[in-house]
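> My questions are about this predicted structure, shown below with the sequence.
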Amino acid sequence: MYAKEMVKQSLPLIIFCGLGAIVAGSTLGVMIDLLKEIPGLIVVVPAIIALRGNISTAFGSRLGSAYHLGIINADNLWNEELKQNLMGSFILSIFVSIIIGLLAYLSSFLLGVYPNPIKLISIVLLAGLISAIILNLMTIGIIYLVFKRGYDPDNITGPALATFGDIITMLCLFGSAFLVEVAL
């Protein structure tokens, strides 16, 4: 009985996630000119996608665990537990974005590509912050809807946030690269 319910809750989402991966890849295809103009930016793509996906799904998992433990529920979502997790997610996003930018610069430099370090780190930090804001709000929204519908958050939040994280992060990286390229 539980397996049937899990498939019912997860299968449509998994299919949607496959389509979302295609959208994320297509966004990368649109970025070809920016990838050529900004040396080292291609190095950032896998790292920043993994960053946002991991942080968002961990945030969603923590909220799902808090729900199972009775710490939060649909009527008591905005409590201290949520605020602490939200703050941790933002702080982690900032620090890891800076580290990714530095590592992308260093690895590009070692491979004989000489990117502008300020530009590369700025792009990663801006993309990380914007995607953190969007994905954290989206995580809270998904958790709320899952609670209201009575679904198991473990079946839905992970795949949904990983896919939305890929799409949103690629769009944020593209937008950040464009903004930083124009500004600098």
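Yes, it's here.
> Quick one: residues contacting Ile140.
Leu63, Leu77, Leu82, Leu86 (C-beta atoms under 8 Å, 6 or more residues apart in numbering). For the C-beta atoms, the positions are set from N, CA and C on the backbone; glycine is no exception.
> Using pLDDT, spot the least trustworthy of those residues.
Among those, Leu77 has the lowest pLDDT, at 72.
> Next, give phi and psi for the spatially most central residue of the chain.
Nearest residue to the geometric centre of the chain (C-alpha atoms, centre = their mean): Arg52, 2.8 Å. Dihedral pair for Arg52: phi -70, psi -40, per degrees, to the nearest 10.
> for the chain, which helix is longest?
Criterion DSSP state H: the longest helix present in the chain is helix 117-149.
> From the chain's centroid, how far away is that one?
Centroid displacement of helix 117-149 relative to its chain, using C-alpha atoms, centre = their mean, to the nearest Å, is 6 Å.
> and what of stretch 5-15?
Distance of stretch 5-15 from its chain centroid, counting by C-alpha atoms, centre = their mean, is 21 Å.
> Okay, now the unreliable bits of the protein?
1-2 (pLDDT under 70).
> can you give me the helices for it?
Under DSSP H, the chain gives helices at 2-30, 32-37, 41-68, 80-110, 117-149, 153-183.
> ok so, going back, possible to save the contacts of Ile140 as JSON lines with distance to Ile98 and neighbour count?
Shown next, in JSON lines, are the contacts of Ile140 (distance: C-beta to C-beta, whole Å; neighbours: other C-beta atoms under 10 Å):
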{"residue": "Leu63", "distance to Ile98": "26", "neighbour count": "26"}
{"residue": "Leu77", "distance to Ile98": "30", "neighbour count": "16"}
{"residue": "Leu82", "distance to Ile98": "25", "neighbour count": "20"}
{"residue": "Leu86", "distance to Ile98": "20", "neighbour count": "18"}
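> Could you check how far the residue nearest to Gly64 when sequence neighbours are not counted is from Leu19?
Computed as C-beta to C-beta, 6 or more residues apart in numbering, the closest residue to Gly64 that is not its neighbour in sequence is Pro153, at 3.6 Å. Pro153 is 22 Å from Leu19, where distance means C-beta to C-beta, to the nearest Å.
> who's more crowded, the two?
Pro153 (21 against 10; other C-beta atoms under 10 Å).
> tell me the contacts of the more buried one?
Gly60, Leu63, Gly64, Tyr67, His68, Ile143, Val146, Phe147.
> The third one reaches Asn155, doesn't it?
By that I understand Gly64. No. Checked against C-beta atoms under 8 Å, the pair Gly64 and Asn155 is beyond contact range at 9.4 Å.
> For Pro117, the count of nearby residues, please.
Using other C-beta under 10 Å, Pro117 has 16 neighbouring residues.
> picking up where we left off before, between the longest helix of the chain and helix 41-68, what angle do the directions make?
When axes from the mean of the first three to the mean of the last three C-alpha atoms, to 10 degrees is applied, the directions of helix 117-149 and helix 41-68 differ by 30 degrees.
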